[in-house]
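Undergrad: Sequence first, then the predicted structure, then my questions.
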Amino acid sequence: MLRRSFLHLSLAAPGLAVVSSFVAPSQGPAAPPRRSLLVRAGTDSTSRPFKFLDALFTVKVSGRDTQGRCVIFDTLRPAKVGPQLHLHTDLDEWFYVEAGEFKFQAGEETMRLKAGDSLFVPRNMPHAFVKTSEGTAHLIVMHQPAGTMEEYFRTASAMPDQSPEARRALGEKHGMRFLGPALTPD
């Protein structure tokens with residue numbers, strides 16, 4: 001019985017390490033005071049929602065709120081579009097489908113996600129997604145660590161030139177590599 005418990009704990013340890021990085025900030029002398037952050041439905045923690053690739057982004061948790069540990073975006077997506085195939089060199093990305101349906105590519109695998117599904121994409125893994133359902137879809141996206149993703153999205157959303165080439169040049173400055181075209185919803 002003890003051996004079985006030890007094996008279960010051994011298998012769970014890597015996952016617990018990831019979770020603890022979100023909930024247990026550094027307790028060293030330079031650690032800022034811990035506080036909660038309430039962001040009401042339909043609002044942005046920074047009071048500056050923005051549109052990017054035909055999606056409305058609200059920042060629920062900014063990298064500034066977590067000392068750079070993560071950033072969480074709540075997105076509403078009316079159009080059947082998504083980002084080009086890309087990867088992040090210095091952060092992981094997690095997706096949670098709140099409403100609607102999406103086609104995702106992660107590495108060599110293509111999959112369909114619907115409400116309640118989530119997908120974790122580790123750094124350096126090529127990925128892309130596109131909304132496939134009718135109506136407005138709701139997708140929550142988290143980057144860990146936060147890196148400069150919030151800055152990338154805000155800057156890219158305000159660029160007069162929204163071409164893939166212009167976004168590619170900006171992405172390179174933010175640890176992103178664009179590898180191919182966007183997915184089609186087919």
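TA: Noted; the coordinates are in hand. Since this is a predicted model, take the numbers as computed values, not measurements. Residues are numbered from 1 along each chain as shown.

Undergrad: any chance you could map the helices in the protein?
TA: Here the chain has its helices, by DSSP state H, at 2-23, 149-158, 164-173.

Undergrad: Residue 113 touches residue 101, doesn't it?
TA: Yes. In this structure, residue 113 is within contact of residue 101 by CB atoms under 8 Å, at 6.8 Å. From N, CA and C alone the C-beta is placed, and that goes for glycine too.

Undergrad: So which residues of this protein form strands?
TA: 50-52, 55-61, 71-77, 84-88, 92-99, 101-106, 109-114, 118-121, 127-131, 137-144, 176-182 (DSSP state E).

Undergrad: Please point out which parts of the shortest one sit buried.
TA: In terms of neighbour count (16 or more other CB atoms under 10 Å), strand 50-52 has its buried residues at 50, 52.

Undergrad: Packing partners of that strand?
TA: The helices and strands touching strand 50-52, judged by 3 or more CB pairs under 8 Å, 6 or more residues apart in numbering; DSSP states H and E, are strand 55-61, helix 149-158.

Undergrad: Same check on the fifth one?
TA: Using 3+ CB pairs under 8 Å, 6+ apart as the contact test, the elements touching strand 92-99 are strand 109-114, strand 118-121, strand 137-144.

Undergrad: Centre of the chain to the shortest one, how far?
TA: Strand 118-121 has its average C-alpha position 9 Å from the chain's average C-alpha position, going by CA atoms, centre = their mean, to the nearest Å.

Undergrad: can you check the longest one too?
TA: Distance of strand 137-144 from the chain centroid (CA atoms, centre = their mean) equals 5 Å.

Undergrad: one step back: go through the strands of the chain and name the closest to residue 153.
TA: strand 50-52 (5.3 Å; CB to CB).
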